[in-house]
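Novice: here's a sequence, model it:
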Amino acid sequence: MEETRKPSRKPRAKAAAPAASKPAPKGAAKAARPAAPVKAAARKQAAPAVPTQAERDQMVRMAAYFRAQQRGFAPGNEWEDWLVAEAEISALVEPAPPPAKSRKAPPRKTSKG
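Specialist: From the prediction side, this is the model:
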């Protein structure tokens, strides 16, 4: 039975033709159109991820190591390296406090008399 079947053919590769020579198929116009506008709620980006305590400690360790490496691993400044590294990582990781609102003094009541 297999002997009577025709061997399957591979489809021929079409030669690339200039785009202007053939009109675009109907479905192609829809695909080229930009996507629908994203809703405002979806546009908001997620808040940056806050690292865990273990991740933060690892970041401090690495920053302190690189500070020590920059000074040639000279002994005596390990605590300074660690404290500066903690301050740097805290500044990067922790969100900045909201700016202080300026307070206007209430208008003074003038005393008559």
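Novice: okay, buried residues for the helix or strand residue 65 falls within please.
Specialist: Assigned by DSSP states H and E, residue 65 belongs to helix 53-70. Buried residues in helix 53-70, counted by 16 or more other C-beta atoms under 10 Å: 56, 59, 60, 63, 64, 67, 68. Just so you know, the C-beta spots here come from the backbone N, C-alpha and C atoms, and that holds for glycine as well.
Novice: got TSV for those, with distance to residue 80 too?
Specialist: Output for the buried residues of helix 53-70, formatted as TSV (distance: C-beta to C-beta, whole Å):
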residue	distance to residue 80
56	19
59	18
60	13
63	12
64	9
67	8
68	10
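Novice: format those as TSV; extra columns: distance to residue 84 and pLDDT.
Specialist: TSV is the format used below for those (distance: C-beta to C-beta, whole Å; pLDDT from 0 to 100):
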residue	distance to residue 84	pLDDT
56	15	94
59	13	94
60	10	96
63	8	96
64	8	96
67	6	95
68	11	95
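Novice: quick check, pLDDT for the closest residue in space to residue 77 that isn't next to it in sequence.
Specialist: Nearest residue to residue 77, sequence neighbours excluded (C-beta to C-beta, 6 or more residues apart in numbering): residue 71, at 6.6 Å. We have a pLDDT of 92 for residue 71.
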